[in-house]
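J.: What follows is a protein structure lacking sequence information:
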């Protein structure tokens, strides 16, 4: 990875570490934040997880579409305060396992404290990068992630890792940001736009092309909305017409084939 990419990783790590410590997403301007109910979480689900796990950092609500079954192992990439891990843990039950991966020590500490407070015995939070997951090959039934892959410079490596850890026939449901058009240069170079989940996003065709190259298949888009409008950030970048409607919040489903294609 280039030094420039490593610098971006450190900026993201520092920013989200501060969010973990303060419990507030207000420092993630210009975007990437919205209320969890606005993003698709149901009130009864939110009431069933520790309140400190909900930092409002997602761009969707992927767990509901993952169709988890008792006894399965599920992996959340970029687990943050643990909200999706805890929701998954309830669905896979005591015989299952919900694992969260995050690179930020402060987030991991927050998530582990939430797990202890909520009495979740079937969850685990591991420190690691999404480009090199601390997970054994072909051991996971399902993978999820909520508005995190766009923050990783080497997205190709992330999709290869997803394919590696999934069991043959395993599935994923991911919420993320993609672009339906090139952004103005001043936004592409804006670090706040990067940590805010905008300028690090890929064009839609490139994003899904990398996922297919990694060996994933059977893609289905479940949700596709204007992200900036959804989180009330339409005027964040000066109401630029060049960006209107281009930043998309998508939730999609895919699968690892039973036999490598």
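T.: On my side now, so go ahead. Predicted model only: the values in this text are computed from it and were never measured.
J.: Next, the nearest residue to residue 220 once chain neighbours are set aside: phi, psi?
T.: Nearest in space to residue 220, with sequence neighbours left out and distances taken as C-beta to C-beta, 6 or more residues apart in numbering, is residue 253 at 4.6 Å. Where you see a C-beta, it was placed from the backbone N, CA and C, and this is true even at glycine. Summarising the backbone geometry of residue 253 under the convention degrees, to the nearest 10, its torsions are phi -120, psi 150.
J.: go on, residue 114?
T.: According to degrees, to the nearest 10, residue 114 has phi -60, psi -40.
J.: Excluding chain neighbours, give the residue nearest to it in space.
T.: Excluding its sequence neighbours, the residue lying closest to residue 114 (C-beta to C-beta, 6+ apart) is residue 50, at 4.1 Å.
J.: What's the local residue count around that neighbour?
T.: Applying the criterion other C-beta atoms under 10 Å, we find 20 residues in the vicinity of residue 50.
J.: thought it was touching residue 118?
T.: Yes. With the criterion set as C-beta atoms under 8 Å, residue 50 and residue 118 qualify as a contacting pair; they are 4.6 Å apart.
J.: Overlap in contacts, those two.
T.: Listed contacts common to residue 50 and residue 118 are residue 86; contacts here mean C-beta atoms under 8 Å, 6 or more residues apart in numbering.
J.: Going by residue numbers, what spans are helices in this protein?
T.: Residue ranges of the helices in the chain, as given by DSSP state H, are 3-22, 36-39, 43-47, 83-92, 105-118, 155-165, 185-188, 191-195, 204-213, 227-230.
J.: Which strands or helices does the last one pack on?
T.: In this case it means helix 227-230. strand 247-255 (3 or more C-beta pairs under 8 Å, 6 or more residues apart in numbering; DSSP states H and E).
J.: circling back: residue contacts, the residue nearest to residue 114?
T.: With contact taken as C-beta under 8 Å, 6+ apart, residue 50 is in contact with 82, 86, 114-115, 117-118.
J.: mind showing which ranges of this protein have poor pLDDT?
T.: Of all residues in the chain, those with pLDDT under 70 make up the ranges 1, 24-35, 38, 191-192, 194-195, 232-240, 260-261.
J.: one more time with 90, if that's ok
T.: Within the chain, the set of residues satisfying pLDDT under 90 comprises 1-48, 50-52, 54-59, 182-201, 226-247, 259-261.
J.: Now the residue nearest the centre of it. Nearest residue, chain neighbours left out?
T.: The C-alpha lying nearest the average C-alpha coordinate of the chain belongs to residue 146 (C-alpha atoms, centre = their mean; 2.6 Å). Nearest in space to residue 146, with sequence neighbours left out and distances taken as C-beta to C-beta, 6+ apart, is residue 58 at 3.9 Å.
J.: pretty sure that neighbour contacts residue 150?
T.: No. With contacts defined as C-beta under 8 Å, residue 58 does not count as touching residue 150, sitting 11.6 Å away.
J.: Who has more neighbours out of the two?
T.: Per other C-beta under 10 Å, whichever of residue 58 and residue 150 has more neighbours is residue 58, with 28 against 24.
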